[in-house]
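Quick check, what structure comes out for this input:
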Amino acid sequence: MLTDAKLKSLYSSPPAERIELNDGTISGLLLRVGPRGRPTWTLRYTVKGRGGVTERGKKLAGRKFYRITLGEYPAISLLKARAQAATMLADADNGINPIERLESAATVRRGTIAELSESFLEHHCRGRLQSAGKAEWIMRDYVNPRFGDYAPKQVTRRDVIALLDDLKKRATPTATMDTRKWLSVFFNWALEREHVDFNPVSGVRSPVKSKPRERVLSLDEARAAWKAAQTEPYPSGSLICLLMLTGARLREIGNAQVGWLDRANACLDIPGEAYKTGDPTIIPLIPEAMEIVERIPKPPRGPYLITSNGGKRPVWTATPAALARIREGAEARLGRKIDRWTIHDLRRTAATHMARLGVDEIVVERVLGHRIGGVKGVYNRYRYIEEKRAALQLWASELLAEPSAAKTRGTRKARADAHPQPELVSAEQA
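Numbers count the residues shown, from 1 in each chain. Purely as a prediction, here's the structure:
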């Protein structure tokens with residue numbers, strides 16, 4: 001029999017292979033769960049008076065089995081799943097197919113923003129865009145509560161402005177701007193498919209603007225943060241240290257898989273579908289970074305490199321408590337308060353200090369994984385792997401040095417290695 005404790009255990013520690021568990025209380029109520037988690041309730045039932053055969057062709061004595069999905073745990077609790085299943089089974093005993101009842105009820109919402117947005121998420125976002133999760137969150141929390149029952153052609157520019165003005169008062173600036181962005185993407189998608197005649201978001205400006213962050217840790221602040229991060233337990237400490245040594249985005253390190261690690265060439269070889277620009281990318285791992293990687297416990301079950309549950313899920317970020325400890329540790333080492341910094345500020349800090357050390361601008365851009373625009377981006381396919389490695393090593397020599405030894409670390413050779421030589425800036429193929 002399924003219990004709340006059993007469900008919580010499956011949710012936090014998914015099985016290595018997909019399994020299907022019987023509820024044991026409600027006949028036909030099943031829970032499916034696989035390695036990626038997402039436990040899903042389904043109901044297998046027959047309808048009184050309906051004959052047929054099974055999917056495998058087995059003849060049934062006046063019965064045909066149906067299966068319907070009820071939803072995912074924990075959004076659908078054990079109690080709620082049993083209640084829904086009991087109601088559907090009662091309908092089935094009276095000759096009413098629950099699927100047909102649901103389809104009949106859905107006709108009321110057919111052609112609404114809510115129904116169309118689900119199609120948008122399924123066919124345009126999920127499995128295609130790395131930001132699909134954000135799109136789903138925006139549509140669920142901000143768009144559908146306001147426009148869910150509207151027909152697509154009912155939404156006017158005035159409606160959009162009213163929504164954004166409301167969000168300006170009750171949501172963060174980022175959420176407001178993201179809502180405008182994804183609502184515009186949604187209506188452009190709907191316009192292409194002739195669900196609407198125009199995009200009502202077109203010409204509507206966001207009522208708020210984000211102020212680009214400019215926080216860069218000074219060298220002594222960065223060194224203090226590095227030392228504090230080294231004392232933080234795995235996985236948050238390892239994550240922060242690797243971010244400081246690579247200048248990479250949080251998702252690139254936090255989402256890294258064991259299969260991307262190339263020990264022979266000391267790098268992470270990231271496939272295009274997992275990278276922000278869509279291009280395959282190599283992140284060099286200098287010896288100090290490789291040392292951290294080698295200390296990471298090998299995940300016994302899942303593919304992810306940095307994980308807190310055996311590799312089944314990545315570590316998306318350091319915990320707030322871990323970041324607070326690292327900030328406090330840095331302040332204790334400096335003996336003073338320092339301005340608040342975020343994980344992304346570490347990336348800006350690495351880029352700024354590499355530029356200060358004389359690293360060529362194009363190498364810094366390559367370290368950051370930015371696409372190079374214009375003619376250079378089209379014709380120069382050289383990947384700058386060794387130049388990136390030299391630049392990161394130069395930055396690490398400053399970051400890890402004791403203040404008294406720092407002046408001797410930026411040698412002429414290290415600085416030269418971090419600059420692309422004239423013959424290397426070419427059209428060499430990646």
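
Helices of the stretch 301-430 of the chain, start to end?
320-334, 343-356, 361-368, 374-379, 385-399, 412-417 (DSSP state H, counting those that start in this stretch).

Go through the longest helix belonging to the chain and flag the buried ones.
Using DSSP state H to assign secondary structure, the helix with the most residues in the chain is helix 173-192. By 16 or more other CB atoms under 10 Å, the buried positions in helix 173-192 come out as 175-187, 189-190. Yep, even glycine has a C-beta here, placed from its N, CA and C like the rest.

Tell me the one among those residues nearest to residue 200.
Nearest to residue 200, judged by CB to CB, of the buried residues of helix 173-192 is residue 187 at 6.3 Å.

now the closest residue to the closest one other than its chain neighbours, what's its secondary structure?
Among residues not flanking residue 187 along the chain, residue 199 sits closest, at 4.2 Å (CB to CB, 6 or more residues apart in numbering). Here residue 199 is recorded as coil under DSSP: H, G, I helix; E, B strand; the rest coil.

Run a quick check on residue 199 versus residue 188, I expect a contact.
Yes. Using CB atoms under 8 Å, residue 199 is in contact with residue 188, at 5.6 Å.

Would you tell me which of the helices of the stretch 301-430 of the chain gets closest to residue 89?
helix 320-334 (44.6 Å).

For that closest one, enumerate the helices and strands it packs against.
Counting contacts by 3 or more CB pairs under 8 Å, 6 or more residues apart in numbering; DSSP states H and E, helix 320-334 packs against helix 219-230, helix 236-246.

Contact partners for the closest residue to residue 14 other than its chain neighbours?
Take residue 14 and drop its neighbours on the chain: the residue closest to it by CB to CB, 6+ apart is residue 37, 4.4 Å away. Residues near residue 37 by CB atoms under 8 Å, 6 or more residues apart in numbering: 11, 14, 312, 313.

Turn the buried ones among the residues you listed into a named ChimeraX selection, would you?
A single ChimeraX command selects the buried members of those (16+ other CB under 10 Å):
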select :14,312,313
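
the longest strand in the chain is where?
Using DSSP state E to define each element, the chain has its longest strand at strand 37-46.

Return the list of strands paired to that strand, each annotated with direction.
strand 29-34 (antiparallel), strand 65-72 (antiparallel) (DSSP bridges).

what residue ranges in this protein score low on pLDDT?
49-63, 101-110, 127-128, 130, 212, 300, 316, 372-381, 403-430 (pLDDT under 70).

Can I get stretch 319-328 as PDB, trimmed to CA atoms?
Extracted in PDB, the C-alpha atoms of stretch 319-328 (Å, rounded to 0.1, in the frame of the first residue of the first chain):
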ATOM      1  CA  THR A 319      22.300  27.000  -1.200                       C
ATOM      2  CA  PRO A 320      21.500  30.400   0.300                       C
ATOM      3  CA  ALA A 321      23.000  29.200   3.600                       C
ATOM      4  CA  ALA A 322      26.200  28.200   1.900                       C
ATOM      5  CA  LEU A 323      26.500  31.500   0.100                       C
ATOM      6  CA  ALA A 324      25.900  33.300   3.400                       C
ATOM      7  CA  ARG A 325      28.600  31.300   5.100                       C
ATOM      8  CA  ILE A 326      31.100  32.100   2.300                       C
ATOM      9  CA  ARG A 327      30.300  35.800   2.400                       C
ATOM     10  CA  GLU A 328      30.600  35.900   6.100                       C
END
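
what does that stretch contact?
Residues outside stretch 319-328 that contact it (CB under 8 Å, 6+ apart) are 225, 228, 229, 232, 236, 237, 240, 318, 338, 340, 341, 343.

Go again with 6 Å.
Among residues not part of stretch 319-328, those counted as contacts by CB atoms under 6 Å, 6 or more residues apart in numbering are 228, 229, 232, 236.

same question, stretch 336-347
215, 217, 221, 243, 244, 247, 250, 331.

do stretch 261-268 as well
With CB under 6 Å, 6+ apart as the test, stretch 261-268 has contacts from 256, 260, 269, 282, 283, 284, 285, 290.

let's see it at 10 Å
242, 246, 248, 252-253, 256-257, 260, 269, 281-287, 289-290, 293-294, 296, 305, 385, 388-389 (CB atoms under 10 Å, 6 or more residues apart in numbering).

Mind checking which of those land in helices?
If you go by DSSP H, these have 242, 246, 252, 253, 287, 289, 290, 293, 294, 385, 388, 389 in helices.

Quick one: classify the nearest residue to residue 166 once chain neighbours are set aside as helix, strand or coil.
Leaving aside its sequence neighbours, residue 166 sits nearest to residue 146 (CB to CB, 6+ apart; 8.0 Å). With three-state DSSP as the basis, the three-state label of residue 146 is helix.

Now do the same contact list for residue 146.
113, 155, 159, 160, 162, 163, 166, 167, 179, 183.

I'd assumed residue 160 was in contact with the first one.
No. Using CB atoms under 10 Å as the test, residue 113 is too far from residue 160 to be in contact (11.9 Å).

which of these two has more neighbours?
Each of residue 113 and residue 160 has its neighbours counted (other CB atoms under 10 Å); residue 113 has more, 26 against 23.

Okay, that one and residue 203: tell me how far apart.
According to CB to CB, to the nearest Å, residue 113 and residue 203 sit 20 Å apart.

swap in residue 25?
56 Å.

So the two - more neighbours on which side?
residue 25 (12 against 9).

mind checking the SS state of the more buried one?
What three-state DSSP gives for residue 25 is coil.

That one reaches residue 1, doesn't it?
Yes. Residue 25 sits in contact with residue 1 when judged by CB under 10 Å, with a separation of 6.1 Å.

okay, the helices and strands packed on helix 320-334 in JSON lines with distance to residue 126 and mean neighbour count next?
Formatted as JSON lines, the helices and strands packed on helix 320-334 follow (distance: least, CB to CB, whole Å; neighbours: other CB atoms under 10 Å):
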{"stretch": "helix 219-230", "distance to residue 126": "34", "mean neighbour count": "20"}
{"stretch": "helix 236-246", "distance to residue 126": "26", "mean neighbour count": "24"}
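
Specify the stretch among those helices that is closest to residue 396.
The stretch from these with the least distance to residue 396 (CB to CB) is helix 236-246; that distance is 5.8 Å.

So which of the contacts of residue 146 belong to strands?
Short answer: the contacts of residue 146 have none in strands (DSSP E).

For residue 271, see how far away the residue nearest to residue 14 is.
Applying CB to CB to residue 37 and residue 271 gives a distance of 22 Å.
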